[in-house]
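Asks: give me the fold of what follows.
(chains A and B)
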Amino acid sequence: RKEVEQDPGPFNVPEGATVAFNCTYSNSASQSFFWYRQDCRKEPKLLMSVYSSGNEDGRFTAQLNRASQYISLLIRDSKLSDSATYLCVVNNNAGNMLTFGGGTRLMVKP
Amino acid sequence: EPEVTQTPSHQVTQMGQEVILRCVPISNHLYFYWYRQILGQKVEFLVSFYNNEISEKSEIFDDQFSVERPDGSNFTLKIRSTKLEDSAMYFCASSDTNSPLHFGNGTRLTVT
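Replies: Numbers count the residues shown, from 1 in each chain, chains lettered A, B, ... in the order given. Below you'll find the model as predicted:
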């Protein structure tokens, strides 16, 4: 089983739509969780950390379900500029050795 | 906002040659990393560095790889004898204690 698994997509949605991505992780001892965004041939950029109680940042909401070992990202009112690959990232230890999922590609169309 | 900077942005080298990829982490960060991403694949951890020594490394980071912080600002990744399969984007990152990683804009390494 892959350590961090994501549906690669692409998810094609119209502007203004709500879209949700899920991610599952295999290591039940994982300690911290993130969503990063990656544009084509660019570096990953932190979108948001994911907290146990769930957290929201503007149009973005992240949820963590430790019992089922999955993480979700909800994007409301999609913008064209949201088109990117969204990377689910897990930190399995006390250090900062991050394990990346393969990413979910989102394309927002006019 | 402070940034992690990497040079060069693109490096082309012949198989068997040595390359050095350079990074300037964010100035007050204490933890430094190298990750790589082969085209079309996921981002993979190579090595982490703290207090002037390697703290963790992956299976990818074999004897052909080394890292160094030669002065107070640069953090380098050396590949001693490049192979075709080393072609990838190499991302440097830095972080403060318990903070998320900030990635540089990457060096695209092409081995011919």
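Asks: which residues touch the residue positioned nearest the centre of chain B?
Replies: In chain B, the residue lying closest to the centroid (CA atoms, centre = their mean) is residue B:34, at 3.4 Å. For residue B:34, the contacting residues are B:21, B:23, B:46, B:47, B:67, B:77, B:90, B:91, B:92, B:93, by CB atoms under 8 Å, 6 or more residues apart in numbering or on different chains. Every C-beta, even on glycine, is put in place using the N, C-alpha and C of the backbone.
Asks: tell me which element the first one falls in.
Replies: So the one you mean is residue B:21. For residue B:21, the element it lies in under DSSP states H and E is strand B:19-24.
Asks: same question, the fourth one
Replies: When secondary structure is defined using DSSP H and E, the element that contains residue B:47 is strand B:43-50.
Asks: ok, that strand near chain A or not?
Replies: Yes. Using CB under 8 Å from any CB of the partner chain, a contact is recorded between strand B:43-50 and chain A, made by B:43, B:44, B:45, B:48.
Asks: farthest pair in those?
Replies: B:43 and B:48 (14.0 Å; CB to CB).
Asks: that older thread, dump the contacts of residue B:34 to a markdown table, plus neighbour count and pLDDT.
Replies: Compiled in a markdown table, the contacts of residue B:34 are given as follows (neighbours: other CB atoms under 10 Å in any protein chain shown; pLDDT from 0 to 100):
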| residue | neighbour count | pLDDT |
| --- | --- | --- |
| B:21 | 23 | 97 |
| B:23 | 26 | 97 |
| B:46 | 22 | 96 |
| B:47 | 20 | 95 |
| B:67 | 22 | 97 |
| B:77 | 24 | 98 |
| B:90 | 22 | 98 |
| B:91 | 26 | 97 |
| B:92 | 29 | 97 |
| B:93 | 28 | 96 |
